[in-house]
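>>> Requesting a structural model of the entry that follows:
(2 chains)
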Amino acid sequence: MPPAGLELARMNRKKGDKGFESPRPYKLTHQVVCINNINFQRKSVVGFVELTIFPTVANLNRIKLNSKQCRIYRVRVNDLEAAFIYNDPTLEVCHNESKQRNLNYFSNAYAAAVSAVDPDAGNGELCIKVPSELWKHVDELKVLKIHINFSLDQPKGGLHFVVPNVEGSMAERGAHVFSCGYQNSTRFWFPCVDSYSELCTWKLEFTVDAAMVAVSSGDLVETVYTHDMRKKTFHYMLTIPTAASNIAVAMGPFEILVDPYMHEVTHFCLPQLLPLLKHTTSYLHEVFEFYEEILTCRYPYSCFKTVFIDEAYVEVAAYASMSIFSTNLLHSAMIIDETPLTRRCLAQSLAQQFFGCFISRMSWSDEWVLKGISGYIYGLWMKKTFGVNEYRHWIKEELDKIVMYELKTGGVLLHPIFGGGKEKDNPASHLHFSIKHPHTLSWEYYTMFQCKAHLVMRLIENRISMEFMLQVFNKLLSLASTASSQKFQSHMWSQMLVSTSGFLKSISNVSGKDIQPLIKQWVDQSGVVKFYGSFAFNRKRNVLELEIKQDYTSPGTQKYVGPLKVTVQELDGSFNHTLQIEENSLKHDIPCHSKSRRNKKKKIPLMNGEEVDMDLSAMDADSPLLWIRIDPDMSVLRKVEFEQADFMWQYQLRYERDVVAQQESISALEKFPTPASRLALTDILEQEQCFYRVRMSACFCLAKIANSMVSTWTGPPAMKSLFTRMFCCKTCPNIVKTNNFMSFQSYFLQKTMPVAMALLRDVHNLCPKEVLMFILDLIKYNDNRKNKFSDNYYRAEMIDALANSVTPAVSVNNEVRTLDNLNPDVRLILEEITRFLNMEKLLPSYRHTITVSCLRAIRVLQKNGHVPSDPTLFKSYAEYGHFVDIRIAALEAVVDYTKVDRSYEELQWLLNMIQNDPVPYVRHKILNMLTKNPPFTKNMESPLCSEALVDQLWKLMNSGTSHDWRLRCGAVDLYFTLFGLSRPSCLPLPELGLVLNLKEKKAVLNPTIIPEAVAGSQEAASNLGSHTPLVGFPHPFSSSQDEEEIDMDTVHDSQAFISHHLNMLERPSTPGLSKYRPASCRSALIPQHSSGGDGTPTTKPQWSMELTRKGAGKEQPPLEVGVHPAAAALSVFTKETASSRHGDHHHHHHHEHKKKKKKHKHRHKHRHKHDSKDKDKGPFPLASPASGRSVRSPSLSD
Amino acid sequence: MADAAAAAGASGSGTRSGSKQSTNPADNYYLARRRTLQVVVSSLLTEAGFESAEKASVETLTEMLQSYISEIGRSAKSYCEHTARTQPTLSDIVVTLVEMGFNVDTLPAYAKRSQRMVITAPPVTNQPVTPKALTAGQNRPHPPHIPSHFPEFPDPHTYIKTPTYREPVSDYQVLREKAASQRRDVERALTRFMAKTGETQSLFKDDVSTFPLIAARPFTIPYLTALLPSELEMQQMEETDSSEQDEQTDTENLALHISTDDSGAEKENASVLQQNPSLSGSRNGEENIIDNPYLRPVKKPKIRRKKSLS
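I've put the predicted structure just below:
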């Protein structure tokens, strides 16, 4: 690389403030990764990397790289041995065993730890010292080659080995390995700059068994046998500059399929699955064509590879020029339901090839642009492939999802800007995790983040038109491809990075429109809009008086000001009105066009130009209004609660052609259980032209309505006659036709109707016998012999229907469930389930859908008391070795059992699986399910909520999950759900004062604790002068040393303190202090522990305290031995309560009591207040356990 | 020897002459056969030009012929049983003859020799007494190719079938009902059997037999059973395959044609202009040779070669 390029680069950096500014003092230009030994038996990997870097500052003497779990043997810089230090603070987030267990504290510490190794901040786990011999060389900004030999042994994350335990060689066994992970996780399997913003060219080499294939990013240049001819080396070159985070590999005995339409595309699957692979990928070329056409740009890489692997981390993972899919996406031509899902996955991964892999991001806060664009073009593909209805339905679904999530959690912020570290600016104070790094995000949040990103892209499209939108994308792509072809001008490569500002600039250049308000509303701030609409028709003025209110005070909401489209369907036609939503105007007058009479029997024009006949007898004679829709185009991220009469909803359902409107009216009609609603829904159900998803949701709505009108319902059970007419034989209406699923619409309807019917209940709240028999007959007469599609999903849904029909057992004084008192209906159901489940063993269905449904149904029977509640069956199905869908279904049942039966044993079993299961996805999923269906929540009494559990979970998120970002965040989520943000309530009580002290500005006293707390201290206070264990204190103190800790005056004080603080909390607290209080307070524990433990002299100079604190990570545990945890906790309690009052007062107080130890602690506390200020200033807060060690590491400071 | 010959002769020669008046039927057979063989030997001798022969030599030749035929029978039986049959076929005999060093090719010519003598059928002395009690109907006469001395056909009722016809079940409902219950019965019986013979799980602690669940058994490669269609489905797929394939490709092609017809050529050209010559090159010249790096042969290692690469 000519140095001239670098000169230019620096000039570029100086003048272009909008350009990319590398956080690193060097530029990486090329990296070699060579993995020359893979041992499947031992699950180990040996290899080296070589990074070619150009220093950009003269005094570069340390190079920070990312590396996790790799064992590094040797580092050489330009062939000279170099000293290095490896420090990963994320391995253990909080080093010292505090009894605090405060999630707030943990999240801060975790964010600090991630920050300390964040490549986007120029940090890394691996710090290499440039040998002094090379300093002069560096000063001339000459090239450095860093050669690192490393190995990986039994990696727990980043690289996943699948080694089936059967006979034969590894290739025969189908053993394979692939890279995986969440966001930038490449550092887990080789040392690199694990950032999306550091691009370089690549040379990748993998030596594998001769029977195996190594698939990796870039072009396969050649495959060469090793000298013993038993192995092959795959040589890959990737000349398009790519971030390390987008490099992937998959190695195994894959079957190779060259795409028949595009020969540069190659597909790989595990042995025996080739026919499925052929079918599954036969569609891919159309996706290619679509994207290339709309982006008017060729696929950027010269080749593309898809690899289908087992035990996938995620279903789809896109990397540079290759995508890794779950093997479970493969399907044969007989499978209906999986086909669209798999095609979606393929399309999604391909969209990310353009935006995400080829075009990378500058920083984490620009992630939304990439996710947004790839999601948006994927949406365009959906529209083209599955039609506008499907697309709009999807958009509505996504919108509902994000709205629900934001309202629940308080908002998703697309473009977080982090200013100066002031916690006031913390944009996510409502969350229990930091959004500063991708690795601290809850998985659910990230999913929602992606969802919001593409919705916002759609909003931008609405604003600037699709044409401009595509032009912008094309511009980004062509800029990037120009830059990528500049092989020797690495400074140009930053053109391949997208940033929020660059993207917005492109938009304004291309479209000439100012979308700043839109960006400000949806990107720079979180929250969605919540509209409440109602209307009145003013007959005199012939005006529609629309009132639109907003709720912008609830969490997750924001105020919307701007245009809002309202569509009014009148007798004379459909009219769009654009209202200006302003600060204080709630009422909007909309003039009506129609003169409210409909005696002329003419057709009514609809929005799409269609004219239809309507039966207008239902409507209000005075009003010409048929229905009103607010924001019909979904151009605001909002939730609308609109009130209109039932007949209007019914008209909307019948005649509005937009599927979203139909969907909305269906959900509104649930509240109007009338014969008219029934009729409207039935009509929709029968209407063949109607979108099948609308018809499917009409089924469920109809079931609900039928249940609400159970006393007045006439005729056969809802949908029965309809189903009979549509799907049963003409001559014998009780027998269903032999299956023919050629028409997918009716297939989906046929599947869904029985499931909805089973939800029907009679006056006794039981499922009508007629319905149950009907479903049983469907199962009995099911005949798939003549069908060219598999009926496994259909049969599975029939079992779901059976499960839906189950109602709680009538239990006579809690008798034990036995076979003898089994309800005869349940007996029939159980008979079917047994047979299905057993048949699955002999003739398994695709993806074992039937087993999955059976397991769910069994759990339903258990839960309703028909069958003894017992997790044994589920536990056996949850074992490793079953198909993943079965395992998840079984685990879901165990999770549910744990909750319902409050079983400690099962919870332990689950936790054990979270730690030890070989499949990362399953581990993640268990945490996820436990969070969604928690055995208990904060503020809830539960025998499961114990100190041991707190410790266990704390350990899990603190150190047990360091190998998997996603898992750790999942553990944090669970901890939050179970215990909340502050100290778990089940920990011994006396720490309570501490909790109060630690409150974040928004935190409120845990309501379940307050009364207890006050009671506890009151009781203590009432026992003045005697040593009495406090309420909630399990262990009485035994040692005299501990007794010293009990100071009744302090206890007395604490009561005053609590009441004082309760008052304080009424007022807003000062945010400035509270942010780092948790950290400092926790640190305050340490010296106090040590002093309590060894009984050292009381007065200690402050500097020595400081030392103790610094060394705390290592020294503390031994010191703590002998201190009764509860005692330590109590001392903190007393300490804190005292110190929080006026300084003068408590100094005095302590002198009075001659508790020098206390005083000393007290001083220490003050000391820490200073610390916390220091921390705000420095980039590496000294108190942070994460960064503390690396900064002061001895090997570097010489 | 005689016994063995008798047994072999019975199956090998197939000549079942009627029994003599002797008390022992086995002896009768033996004597009859012996006599026939003597006639054969004598005629062969006559054929060969002898006018008379000593009794002893005729006896010796008869003995030899009998041994020879017995050996053919015994050996043919072995061959036949070796191939899991009970009835010897012609090829068994042929193989036997070959094995015994006989040139089978000469046999047809020998059989058609002009001077051969035809031996008359053995005299049937007295009909075996058949129990007449159960005769029903007329016994069928022998067809022309069966010699008349062969036993008569058995009574017609022992082999003639009279098909009975019931009204065929054409009622759709009954058919479906039948198919459904049949399948259900088979499934239930099968699963019960599997459950009985293997490990089971139960939903009820007190009763393990009413709803036996075949125990869940983990697979070493779980995705294979989950993803691959079962053999039954494969069969089904094959049955419907041809028609389905046609339909599918039809629709797919339709979509393809639409897109390629209007913009295909243009697009291709445009893309060539854009960039990535290698890619578009391979797209154009894809017709005959698929150039995919994964299909290329693996290179032999060269000394020094790898060094320069890495």
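
>>> Is the longest helix belonging to chain A in proximity to chain B?
Using DSSP state H to define each element, chain A has its longest helix at helix A:367-409. No. Judged by C-beta under 8 Å from any C-beta of the partner chain, helix A:367-409 stays clear of chain B, getting no closer than 10.2 Å. C-beta here means a position set from N, CA and C on the backbone, and glycine is covered the same way.

>>> The helix or strand just after that helix packs against which elements?
Next along the chain after helix A:367-409, taking DSSP states H and E as the criterion, comes helix A:443-464. The helices and strands touching helix A:443-464, judged by 3 or more C-beta pairs under 8 Å, 6 or more residues apart in numbering or on different chains; DSSP states H and E, are helix A:367-409, helix A:466-484, helix A:500-511, helix A:516-522, helix A:920-932, helix A:965-979.

>>> what's the angle from helix A:443-464 to helix A:500-511?
Angle, helix A:443-464 to helix A:500-511, by axes from the mean of the first three to the mean of the last three C-alpha atoms, to 10 degrees: 20 degrees.

>>> In CSV, could you pull the C-alpha coordinates for helix A:443-464?
Once non-C-alpha atoms are left out, helix A:443-464 reads as follows in CSV (Å, rounded to 0.1, in the frame of the first residue of the first chain):
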residue,chain,number,x,y,z
TRP,A,443,-32.8,-9.7,22.4
GLU,A,444,-36.4,-8.7,22.3
TYR,A,445,-35.4,-5.0,22.2
TYR,A,446,-33.1,-5.7,19.3
THR,A,447,-35.9,-7.5,17.4
MET,A,448,-38.2,-4.6,18.0
PHE,A,449,-35.4,-2.2,17.0
GLN,A,450,-35.2,-3.9,13.6
CYS,A,451,-38.9,-3.9,13.2
LYS,A,452,-39.1,-0.2,14.0
ALA,A,453,-36.2,0.5,11.7
HIS,A,454,-37.9,-0.8,8.6
LEU,A,455,-41.2,0.8,9.5
VAL,A,456,-39.4,4.2,9.8
MET,A,457,-37.8,3.5,6.4
ARG,A,458,-41.3,3.1,5.1
LEU,A,459,-42.3,6.4,6.6
ILE,A,460,-39.5,8.0,4.8
GLU,A,461,-40.6,6.4,1.6
ASN,A,462,-44.1,7.8,2.2
ARG,A,463,-42.5,11.2,2.5
ILE,A,464,-40.1,11.2,-0.4
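
>>> Mind listing what's buried along it?
For helix A:443-464, the buried set under the neighbour-count rule, 16 or more other C-beta atoms under 10 Å in any protein chain shown, comprises A:443-446, A:448-461, A:463-464.

>>> Repeat that for stretch A:396-414.
A:396, A:398-399, A:402-403, A:405-407, A:409-414.

>>> host element of A:N838?
Counting by DSSP H and E, A:N838 is found in helix A:824-842.

>>> no no, A:Q100
Secondary structure assignment for A:Q100, by DSSP H and E: no helix or strand.

>>> That one and A:S982 touch, don't they?
No. Using C-beta atoms under 8 Å, A:Q100 is not in contact with A:S982, being 9.4 Å away.

>>> residues contacting whichever residue of chain B sits closest to chain A?
Chain B approaches chain A most closely through B:P218 (2.4 Å), counting by C-beta to the nearest C-beta. Contacts for B:P218 (C-beta atoms under 8 Å, 6 or more residues apart in numbering or on different chains) come out as A:E879, A:Y880, A:G881, A:H882.

>>> So it: helix, strand or coil?
coil (DSSP: H, G, I helix; E, B strand; the rest coil).

>>> from the stretch 751-900 of chain A, which residue is nearest to chain B?
Counting by C-beta to the nearest C-beta, the stretch 751-900 of chain A gets nearest chain B through A:G881, at 2.4 Å.

>>> got a list of what that residue touches?
So A:G881 contacts B:P218, B:F219, B:T220, B:P222 (C-beta under 8 Å, 6+ apart).

>>> Please report how far A:M457 lies from A:L669.
A:M457 sits 32 Å away from A:L669, going by C-beta to C-beta, to the nearest Å.

>>> Wasn't A:C767 part of a strand?
No. Counting by three-state DSSP, one finds A:C767 to be coil, located in no strand.

>>> Check the closest residue in space to it that isn't next to it in sequence and give its pLDDT.
Using C-beta to C-beta, 6 or more residues apart in numbering or on different chains and skipping residues adjacent in sequence, the residue nearest A:C767 is A:S805, 3.9 Å away. Per-residue confidence (pLDDT) for A:S805: 95.

>>> Surely A:V561 touches A:I581?
Yes. Using C-beta under 8 Å, A:V561 is in contact with A:I581, at 5.8 Å.

>>> who has more neighbours, those two?
More crowded of A:V561 and A:I581, by other C-beta atoms under 10 Å in any protein chain shown: A:I581, with 18 against 14.

>>> Can you name the residues that contact that one?
A:I548, A:Q550, A:Y560, A:V561, A:G562, A:P563, A:L564.

>>> Identify the bridge partners of it.
A:G562 (DSSP bridges).

>>> Let's see the pLDDT reported for it.
What the model reports as pLDDT for A:I581 is 89.

>>> Which of the helices or strands spans A:T223?
Element membership of A:T223, judged by DSSP H and E, is strand A:219-225.

>>> hmm, that strand in reach of chain B?
Yes. With C-beta under 8 Å from any C-beta as the measure, strand A:219-225 is seen reaching chain B through A:D219, A:L220, A:V221, A:E222, A:T223, A:V224, A:Y225.

>>> which parts of that strand are buried?
So for strand A:219-225, counting by 16+ other C-beta under 10 Å, buried means A:D219, A:L220, A:T223, A:V224, A:Y225.

>>> The third one bridge partners, please.
Residues in a beta bridge with A:T223, per DSSP bridges, are A:F234.

>>> Can you verify my assumption that it contacts B:N292?
No. When contacts are counted by C-beta under 8 Å, A:T223 is not listed as touching B:N292 (12.0 Å).

>>> which regions of the chain sit below the pLDDT cut-off?
I'll assume chain A. A:1-19, A:97-99, A:419-428, A:585, A:595-601, A:811-816, A:989-1198 (pLDDT under 70).

>>> Correction: the question concerned chain B.
B:1-23, B:122-137, B:236-288, B:303-310.

>>> what about the helices in it?
In chain B, the segments counted as helices under DSSP H are B:2-12, B:25-47, B:55-82, B:90-99, B:106-111, B:172-197, B:222-227, B:231-274, B:277-284, B:305-309.

>>> would you put the C-alpha positions of the helix or strand containing A:L679 in CSV?
For A:L679, the element it lies in under DSSP H and E is helix A:675-686. Output of helix A:675-686 as CSV, limited to C-alpha atoms (Å, rounded to 0.1, in the frame of the first residue of the first chain):
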residue,chain,number,x,y,z
PRO,A,675,-76.4,-10.9,15.2
ALA,A,676,-75.4,-8.3,12.7
SER,A,677,-71.7,-8.7,13.6
ARG,A,678,-72.2,-12.4,13.3
LEU,A,679,-73.6,-12.1,9.9
ALA,A,680,-70.9,-9.7,8.7
LEU,A,681,-68.2,-12.1,9.9
THR,A,682,-69.9,-15.1,8.4
ASP,A,683,-70.2,-13.3,5.1
ILE,A,684,-66.5,-12.5,5.2
LEU,A,685,-65.7,-16.0,6.0
GLU,A,686,-67.5,-17.2,3.0
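
>>> rewinding a little: which two from the buried residues of strand A:219-225 end up farthest apart in space?
A:D219 and A:Y225 (19.6 Å; C-beta to C-beta).

>>> follow-up on the earlier one: mean neighbour count, the helices and strands packed on helix A:443-464: which tops it?
helix A:965-979 (a mean of 25; mean count of other C-beta atoms under 10 Å in any protein chain shown).

>>> need the residues of the stretch 51-200 of chain B near chain A, please.
B:172-173, B:176-177, B:179-181, B:184, B:187-188, B:190-191, B:194-195.

>>> are any of those buried, and which?
Buried, going by 16+ other C-beta under 10 Å: B:R176, B:E177, B:A180, B:E187, B:T191, B:M194, B:A195, out of these.

>>> you'd agree the third one is up against A:N784?
No. If you go by C-beta under 8 Å, B:A180 and A:N784 don't touch, sitting 12.0 Å apart.
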